[in-house]
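**Q** quick one, what's the 3D model for this:
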Amino acid sequence: MKKAYLTIDLEEWYHLDYLKDYEVDKHKAKTVPEIFTFLDMLDDLGIKATFFVVGEIAEEYADIIREIRDRGHEIGCHGLDHDLLYNKTDEEFRDQIIKAKNILDRIVGEDTVKGYRASCFTMNRSKLNLLKECGYEYDSSYISFAEHPLYEDLDLSGYVKKEDLIYQNDDFLEFEVPTYQIGKYNIPISGGGYLRLFPYPVIKQLIKNHFKKQSSFVFYLHPFELTDIPLPLSSNIPRKDKFRATVGRKGNLKKLNKLLRFLKNEGVNFKPLGAEL
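**A** Take a look at the predicted model:
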């Protein structure tokens, strides 16, 4: 059976790492409240997804998070903040993942949060071990894309491959975000700017090619990519970073809808990551 997991990192546009060095007006535009059109689309498609929430914005969007839960989606943790994990000590990380889980559990229900995703996939082995020790049951921070300057090369020694894109150590699971090999490089094809950049026929073909070799697929999205409301990007932000933040936003939700419908028609079964526990 072909399976796909639709995951959303519930963060704001200003959490983007390549915007952190610039002064931005965080209050001028909010993209998380625009998520309802996307949620309605998922209802229409009958798809349940996993939403990894940044803890520092959870109280602000508590009603939205509960609405997401009430629609049958899974709530996971995307850290207390969106800082890169290799800028945190293991002790800081432990304190923050406990605090973030407590915040989210308080919003959505006692001991609800089971999964975690690191900001910019910057997970390493010592912090992965801490996740397991602190009561999380799975992580989705593994991506085989060494060419990217941010992504961490995660050591999964001791894990066994349970099935395509899923690795297991005791009762703890690690989900891999897929890449597609073009020449000697692995290229992410399942989310972020890559999904926005590729035209629909290209991304459709790449995913079809992926499913010829593997039975599972993981999408990753962000609220700012699911709406085309203007972002208040100041003039001091270089053109390259503005391009990275804005390319393909217009029409991306329509493209995603078309892609998800195609996959469902192909018999792909969508489920939240936590359904594998």
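
**Q** only C-alpha atoms for contact and neighbour calcs from this point on.
**A** Fine.

**Q** and Phe52, which helix or strand is it part of?
**A** strand 50-53 (DSSP states H and E).

**Q** what segments of the stretch 151-277 of the chain are helices?
**A** 192-197, 200-213, 239-246, 252-265 (DSSP state H, counting those that start in this stretch).

**Q** most tightly surrounded among those helices?
**A** The highest average neighbour count among those, using mean count of other CA atoms under 10 Å, belongs to helix 192-197 at a mean of 20.

**Q** could I get the average pLDDT for that one?
**A** Regarding helix 192-197, the rounded mean pLDDT is 90.

**Q** just the C-alphas of that helix, formatted as CSV.
**A** Taking Å, rounded to 0.1, in the frame of the first residue of the first chain, the C-alpha atoms of helix 192-197 are listed here in CSV:
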residue,chain,number,x,y,z
GLY,A,192,9.2,24.1,1.5
GLY,A,193,10.6,26.3,-1.3
TYR,A,194,11.3,23.2,-3.4
LEU,A,195,7.6,22.4,-3.6
ARG,A,196,6.8,26.0,-4.4
LEU,A,197,9.5,26.3,-7.0
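
**Q** need the residues that contact that helix.
**A** 188-189, 203, 220-222, 225, 244-245, 247-249, 252 (CA atoms under 8 Å, 6 or more residues apart in numbering).

**Q** that older thread, closest to Leu16 out of the helices of the stretch 151-277 of the chain?
**A** helix 239-246 (8.0 Å; CA to CA).

**Q** can you name every helix or strand that the helix or strand that the strand holding Phe52 is followed by contacts?
**A** Going down the chain from strand 50-53, the next helix or strand is helix 62-70, by DSSP H and E. Contact analysis of helix 62-70 by 3 or more CA pairs under 8 Å, 6 or more residues apart in numbering; DSSP states H and E lists strand 74-77, helix 90-108 as its packing neighbours.

**Q** mind listing residues that contact the very next helix or strand once past the longest one?
**A** Following helix 90-108 in sequence order, the next helix or strand is strand 115-116 (DSSP H and E). Counting contacts by CA under 8 Å, 6+ apart, the residues outside strand 115-116 that touch it are 52, 75-79, 136-141, 274.

**Q** from the contacts of helix 192-197, which two are the most distant?
**A** Going by CA to CA, the pair spanning the contacts of helix 192-197 furthest: Ile203 and Ala245, at 19.1 Å.

**Q** what's the closest of the helices and strands packed on helix 62-70 to Lys162?
**A** Here strand 74-77 is closest among the helices and strands packed on helix 62-70 (CA to CA), at 21.3 Å.

**Q** rounded mean pLDDT for that closest one, please.
**A** pLDDT averaged over strand 74-77 gives 98.

**Q** and if you look at stretch 223-234?
**A** Mean pLDDT, stretch 223-234: 95.
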